[in-house]
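# For reference, the sequence and a predicted model appear below.
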Amino acid sequence: MNRIISVAAGLALACGALAGPLAAQDYPSKPVTLIVPFPPGGASDTIGRVTSQTMQPGFGESIVVENKPGANGALGAASVARSAPDGYTLIAASIGTFGINPALRSDLEYDPRKDLEMLTIAVRTPNALVTRPGLGAKTVEELVAKLKAEPDTLTFASSGTGSSDHLTAELFWQVSETTGIHVPYKGGGPAQTDIMGGHADVSFQNLGNIANYVREGKMELLAITADERSPDFPDIPTMKELGYDGLEVYSWQAFAAPKGLPPEVKAKLSEGLTSALKTPAVTEQFAKMGFTVVANDPAAADAFVADEIGRWSKVIKDGNIQPEQ
């Protein structure tokens, strides 16, 4: 009897050992849920939907987008981190979710380095240093001189505490040895509206979001935080070429899954996503939004996220930035 039980147990273990590889080979065998931890219509939502729809025909199953907003992406990311690592739950989210939340908050219910499997950094866009019309500072040098002559008088609008535009402003103050008044708004739209209306003085906004406002003369564009000049604004310098090292800053979006994916599943997801992102029509659509496609591999994405968390942790610590309660 004991021998029969032992044999049965051995067979069960053998079947279990085979189940993983077989399941991975059969992947996908049902629809995949893509969590977007922000409301519909934003950058993460658009990039998630366009990429997954482009990927879907060759993928073999439908990819269903589910919006689960809250806490700068933390609620949706925590739910993905708790999901089974089988490739049927993914997340498309931003620098805030993957790179800033872990540096800013000690109460997170997820850690992207421990709980999530990065699949690819999808796209990126630089921030742009803009001012309200009539501020009296036409260059970065003039703005820095004004900030030093009138400390803590100019307001810097952001889309919220701990946002990319807020932390870029904080990094700018640290690098330029200046200060300003941070005014957080509930999103980039209201911040941009007050810049154009003259109710706020300065801001670091995503270049793609404010390009038309600059062309229309509703904002003054002083510099961008990219590695090189933008082809859309070739006369505008980068912060780096003006001598402000360390101010190469991009907002970015990425795809991830729960930690522990079978290697075959991870490879299929990564290859499917990067191929979709590199499709000319997708690249062109994202370029119109101000984004450049990155589409790197999981190892490069992991290393990038770790670097971003380390970078923003230092900025947050040096600036004594506290999360909103």
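Good, I have the coordinates.

# Grab the nearest non-local neighbour of residue 297.
residue 270 (6.3 Å; Cβ to Cβ, 6 or more residues apart in numbering). Placement of C-beta: from N, CA and C, glycine included.

# make that residue 201, sorry
That would be residue 154: by Cβ to Cβ, 6+ apart, it lies 4.3 Å from residue 201.

# Which pLDDT value does the model give the one you found?
Note on residue 154: pLDDT of 98.

# re earlier: tell me how far the helix or strand where the residue nearest to residue 297 lies lies from the chain's centre.
In this assignment (DSSP states H and E), residue 270 forms part of helix 263-277. Taking Cα atoms, centre = their mean, to the nearest Å, one finds helix 263-277 lying 19 Å from the centre of the chain it belongs to.

# Please identify the pairing partners of the lengthiest strand in the chain and their relative orientation?
Across the chain, the longest stretch assigned as strand under DSSP state E is strand 116-131. Looking at strand 116-131 with DSSP bridges, its partner strands are strand 202-206 (antiparallel), strand 220-224 (antiparallel), strand 250-258 (antiparallel), strand 292-293 (antiparallel).

# Export those to JSON lines and append columns for mean neighbour count and distance to residue 79.
As requested, the strands paired with strand 116-131 are exported to JSON lines (neighbours: other Cβ atoms under 10 Å; distance: least, Cβ to Cβ, whole Å):
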{"stretch": "strand 202-206", "mean neighbour count": "27", "distance to residue 79": "26"}
{"stretch": "strand 220-224", "mean neighbour count": "23", "distance to residue 79": "35"}
{"stretch": "strand 250-258", "mean neighbour count": "26", "distance to residue 79": "10"}
{"stretch": "strand 292-293", "mean neighbour count": "20", "distance to residue 79": "27"}
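
# coming back round to it: what's the mean pLDDT across the longest strand of the chain?
97.

# Can you name the element that comes right after it?
helix 140-149.

# what is the orientation angle of that next one with strand 202-206?
On the basis of axes from the mean of the first three to the mean of the last three Cα atoms, to 10 degrees, helix 140-149 is oriented at 140 degrees to strand 202-206.

# hmm, back to that, please tell me how far the longest strand of the chain is from the chain's geometric centre.
5 Å.

# List every C-alpha atom in it, with coordinates, as CSV.
What follows is strand 116-131 as a C-alpha-only set of coordinates in CSV (Å, rounded to 0.1, in the frame of the first residue of the first chain):
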residue,chain,number,x,y,z
LEU,A,116,7.0,43.0,-10.6
GLU,A,117,8.6,41.6,-13.7
MET,A,118,9.6,44.5,-16.1
LEU,A,119,8.8,43.6,-19.7
THR,A,120,9.8,46.7,-21.5
ILE,A,121,10.2,50.5,-21.2
ALA,A,122,7.7,51.5,-23.9
VAL,A,123,8.2,55.2,-24.6
ARG,A,124,9.7,58.3,-23.1
THR,A,125,9.3,62.1,-23.5
PRO,A,126,11.5,64.9,-22.0
ASN,A,127,10.2,67.6,-19.8
ALA,A,128,10.2,71.2,-20.9
LEU,A,129,11.0,74.2,-18.8
VAL,A,130,8.2,76.8,-19.6
THR,A,131,7.2,80.1,-18.1
